[in-house]
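Colleague: here is my input, please return the structure:
(chains A, B, C and D)
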4 protein chains.
Amino acid sequence: PAPLAVGDYTLENRLIMGTGGITDLAALEQALIASGTTLTTVAMRRYSPETKTSVFSLLERLGIDVLPNTAGCYTVKDTVLTAELAREALETNLIKVEVIADEHTLLPDVVETLEATEQLADRGFTPMVYTSDDPAAAVRMEQAGAAAVMPLGSPIGTGLGILNPHNIELIASRAQVPVVLDAGVGAASEAAQAMELGCDAVLVASAVTRAQNPDAMARAMRLAVSAGHLSAEAGRIPRRRHAQASSAMEGRIASIEDRT
Amino acid sequence: PAPLAVGDYTLENRLIMGTGGITDLAALEQALIASGTTLTTVAMRRYSPETKTSVFSLLERLGIDVLPNTAGCYTVKDTVLTAELAREALETNLIKVEVIADEHTLLPDVVETLEATEQLADRGFTPMVYTSDDPAAAVRMEQAGAAAVMPLGSPIGTGLGILNPHNIELIASRAQVPVVLDAGVGAASEAAQAMELGCDAVLVASAVTRAQNPDAMARAMRLAVSAGHLSAEAGRIPRRRHAQASSAMEGRIASIEDRT
Amino acid sequence: PAPLAVGDYTLENRLIMGTGGITDLAALEQALIASGTTLTTVAMRRYSPETKTSVFSLLERLGIDVLPNTAGCYTVKDTVLTAELAREALETNLIKVEVIADEHTLLPDVVETLEATEQLADRGFTPMVYTSDDPAAAVRMEQAGAAAVMPLGSPIGTGLGILNPHNIELIASRAQVPVVLDAGVGAASEAAQAMELGCDAVLVASAVTRAQNPDAMARAMRLAVSAGHLSAEAGRIPRRRHAQASSAMEGRIASIEDRT
Amino acid sequence: PAPLAVGDYTLENRLIMGTGGITDLAALEQALIASGTTLTTVAMRRYSPETKTSVFSLLERLGIDVLPNTAGCYTVKDTVLTAELAREALETNLIKVEVIADEHTLLPDVVETLEATEQLADRGFTPMVYTSDDPAAAVRMEQAGAAAVMPLGSPIGTGLGILNPHNIELIASRAQVPVVLDAGVGAASEAAQAMELGCDAVLVASAVTRAQNPDAMARAMRLAVSAGHLSAEAGRIPRRRHAQASSAMEGRIASIEDRT
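Modeller: Numbers count the residues shown, from 1 in each chain, chains lettered A, B, ... in the order given. Purely as a prediction, here's the structure:
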């Protein structure tokens, strides 16, 4: 796929990685390389300073850009504060906006998210906004200044894939900014499906970091994103209720009546 | 993926192509090359002799093996006869057994298919058997001598994908011979899904030949099969009903009660 | 099912009807009677004064309560104004809050809806709130004063049923107020499913009014809501991946090895 | 629903019950009455003689006809033998033909089932035939003399509902004899769905007998079958990809541009 403009940032690779779930930096390094990712998100609030420092060093060494995120924030105020701290520390305007409704579902609170997005856009950030799969909410995020809309496939960490493909397709078909599927992907086929539904990129975290073999899953996701992108562009055959022979039949010898 | 033993044939690439739906030999050539396939199926009954000859020449030139199939046969007798003619013409024991129940659904007739498989195995063929997604029927095909079991995802040409993943997974988990998903795949994500469900290979025909851009779809399918294979091997995360943070939360600042 | 408290209103029957799509008052009368409904929603903005008057007369004659709705409103201001006019005209605090994002999708705008709900609750209304199937948004509606939360199954008039059962179940399991499935139901099985997922009631409009036989469909919906309610209460068997004989086998005579 | 002709038997009620899973005759009695069933199936091989006798007495007392079944049979020979014993003992030509492939999946073996059906039809039975959801196999059962075709929704006892609605709909649309959904139903909505897909009746066993409250679930199933039947007859609205207002909008006041 061609590079993708997200505000004035250029995303070179359509698979964005998350670092959540890492337990081993060497394994993370291997998975990041295997994924081919050029942009990786790091929770500014969830790691100890030491962990963050090692992850940032790793990403720098690998030439991977950092997308700081506000995971763990429940209010507009904390989200904006976290984004400002991230910008100061990392010298990037990119911010993945996550404002969570509660710690049990980890679902985004779209009202708070909308307000945070507006404030962050006003402050010169390039907000990539984690939101529900509600197509009307997605439009509002874009109106509020989202540089990318990031609907969930299913709740964080569930691996349930894309629970409502109808919504994801509707979001992608109407968006004027890039759409990145975020959360819920558990296997490669689901990453491919996201791209076929019209998403521009896919973010995966625990699907890779918590797989039995993160390196293999990272390669799987990389291939799947390319496969889905090509598949969407190739113009798939229509779905039909009834069968259709792949070729016209010429010279069929026996009919069902001849059966013996 | 490693090469796959199908009887004493070695399948080098996990994407088997079909030639049905071709209208243009040059486009077929391009798609075959893009797919990376090493085995391609040709209907012995559905093409005129001229068409068949050109397809065979093309495959020979590309170094792709021919898997003759019995599409268009409705009886055991015709199926066996067609297989014998194919063996004589093409000097291969490989045969894709298709015995169709009726021309409206193009569904396999499992009773006739079973009998044909038994006879063909007895005659020294290496039968790769197109069957329904009924797991009990799949076991019987194997007992009758199928060197590979090829359940449908959905009816031929519908592009409905895998209508009953539960059955495909059950077939794959019990089979002692390779399982190849045959029929129904419309997009790359479905080919990846087939591999994740445990299939050893995927056959696609009209999904590629009738796509708006067959070459791009062939590449998509090639990547998708690899992605799905890797994804299956990588050991996916379990599906959960409830969310799980991708990382333990350390030092979360604000709780939902603080929201302002 | 037992009567349901919605604020200080008592809902006697779990099937709420809509009048949208009527073309014939006599047919509507017949369908309303067949449905057994005791509460029927009327769009305050969508009908001409004459139509509204005849519908109100009909409902009064049948002893069916009116649930005025704000369909056609896109802003908080219009929604509140419409509600006030409805209260004055109909002498009821009940209001079905609908604030639509755009006329193409007819999806609810959750941000405007939340604000309207808050204002209407402050003004002493009993707001029954049409919202998306986002579980986090549903919680906020309740916090803002919704007396009932009414998530959509799928967009209005699509008849696509419940696109995301996972979300509906989550909403129902967490709500402290009644949950009414609103929009998307096309057939009786989907109304039953809504109840099984934990909804307290179901609202149907065009599924009945636009059915070929509205009277029969109204009866079907009435039975389905009762069936689903009973089914939820009865405690269904768990879903299993593997088969389980409905009775222990005693004295099975022949094994598979004996097959001849 | 009107009575249904199954061969020369008249089925008065569209809900057929199974007795599998009973642990308590009084509870079974209550559930049978609640279900309204007029035909109940009993495994000739799975119960001890004492249990069978008490079940037969109960059914006789309730005026419910017995449908003996061949559950536990794996071969044609045993199936025919079991059917003959049942006919002698119960003086009925009705037989529910079950020939199981293996005890792990309890899936029907369609090849053996077909042969058994043919032999039983020749011997003057009225075979009601448990089969897979393969539409081509269903046609063959009918050709072999099945008086009713009984496809599974999902494997026995799984409660997974109807895994492949596409197949069930195809079977029902082509059958010349009654189609009864058999196996897999776990909740009322699934029984309603079966009827909407075109089935003529539904058989449930463990969904009722193993529910926490069998009596309530029996009533739920009874209502659901009626609901689904009416729903199918009423002519549902078409499924649409896009929203449609339930009524034409007249006098909409504010547009989205006015939002404040």
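Colleague: CA only for contacts and neighbour counts going forward, please
Modeller: Fine.
Colleague: A:D24: neighbour count?
Modeller: The local packing of A:D24 (other CA atoms under 10 Å in any protein chain shown) involves 9 other residues.
Colleague: what are the ranges of the helices in the stretch 51-200 of chain A?
Modeller: For the stretch 51-200 of chain A, the helices defined by DSSP state H, counting those that start in this stretch cover A:76-90, A:110-122, A:135-143, A:165-174, A:188-196.
Colleague: packed most tightly, which of those helices would that be?
Modeller: Mean neighbour count (mean count of other CA atoms under 10 Å in any protein chain shown) peaks for helix A:188-196 among those, with a mean of 31.
Colleague: neighbouring contacts of the helix or strand following that one?
Modeller: Past helix A:188-196, further along toward the C-terminus, the next helix or strand under DSSP states H and E is strand A:201-204. Residues outside strand A:201-204 that contact it (CA atoms under 8 Å, 6 or more residues apart in numbering or on different chains) are A:14-18, A:178-183, A:185, A:191, A:194-195, A:225.
Colleague: pLDDT-wise, what's the bottom of the residues you listed?
Modeller: Across the contacts of strand A:201-204, the smallest pLDDT goes to A:A183, namely 89.
Colleague: dihedrals phi and psi, that residue?
Modeller: The phi/psi pair for A:A183 (degrees, to the nearest 10) reads phi 80, psi 130.
Colleague: that one and A:R236: what is the separation?
Modeller: 26 Å (CA to CA, to the nearest Å).
Colleague: more neighbours: which of these two?
Modeller: Comparing A:A183 with A:R236 by other CA under 10 Å, the one with more neighbours is A:A183, at 30 against 22.
Colleague: one step back: switch the helices of the stretch 51-200 of chain A over to TSV; also include distance to B:T117.
Modeller: Below are the helices of the stretch 51-200 of chain A laid out as TSV (distance: least, CA to CA, whole Å):
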stretch	distance to B:T117
helix A:76-90	65
helix A:110-122	58
helix A:135-143	51
helix A:165-174	40
helix A:188-196	33
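Colleague: wait, what's in contact with A:P49?
Modeller: With CA under 8 Å, 6+ apart, A:P49 has no contacts at all.
Colleague: phi, psi for it please.
Modeller: phi -50, psi -40.
Colleague: now A:A147
Modeller: According to degrees, to the nearest 10, A:A147 has phi -90, psi -20.
Colleague: contacting residues around it?
Modeller: A:V6, A:G7, A:T126, A:P127, A:M128, A:V129, A:V177, A:P178.
Colleague: let's go with 6 Å and repeat that
Modeller: A:A147 makes contact with A:V6, A:G7, A:T126, A:P127, A:M128, according to CA atoms under 6 Å, 6 or more residues apart in numbering or on different chains.
Colleague: can you check A:S35 too?
Modeller: Taking CA under 6 Å, 6+ apart as the test, what A:S35 contacts is A:A218, A:R219, A:R222.
Colleague: what helix or strand is the closest residue to it other than its chain neighbours on?
Modeller: Of all residues not flanking A:S35 in the chain, A:A218 sits nearest, at 4.6 Å (CA to CA, 6 or more residues apart in numbering or on different chains). Assigned by DSSP H and E, A:A218 belongs to helix A:214-234.
Colleague: who does that helix touch, helix- and strand-wise?
Modeller: Under the contact definition 3 or more CA pairs under 6 Å, 6 or more residues apart in numbering or on different chains; DSSP states H and E, helix A:214-234 sits against helix A:25-35, helix A:188-196, helix A:206-209, helix B:214-234.
Colleague: now those helices as JSON lines including distance to C:A146?
Modeller: Output for the helices and strands packed on helix A:214-234, formatted as JSON lines (distance: least, CA to CA, whole Å):
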{"stretch": "helix A:25-35", "distance to C:A146": "46"}
{"stretch": "helix A:188-196", "distance to C:A146": "34"}
{"stretch": "helix A:206-209", "distance to C:A146": "36"}
{"stretch": "helix B:214-234", "distance to C:A146": "45"}
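Colleague: on that earlier part again, just the pLDDT at the residue nearest to A:S35, thanks.
Modeller: In this model, A:A218 carries a pLDDT of 97.
Colleague: distance check, it against A:T209.
Modeller: Counting by CA to CA, the gap from A:A218 to A:T209 is 9 Å.
Colleague: what comes up buried for the lowest-mean-pLDDT helix or strand in chain A?
Modeller: Lowest mean confidence among the helices and strands of chain A (mean pLDDT, DSSP states H and E): helix A:49-62, at a mean of 88. For helix A:49-62, a neighbour-count test (16 or more other CA atoms under 10 Å in any protein chain shown) marks A:K52, A:V55, A:F56, A:L58, A:L59 as buried.
Colleague: any chance of those residues in TSV, with distance to chain B too?
Modeller: Shown next, in TSV, are the buried residues of helix A:49-62 (distance: CA to the nearest CA, whole Å):
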residue	distance to chain B
A:K52	12
A:V55	14
A:F56	16
A:L58	18
A:L59	18
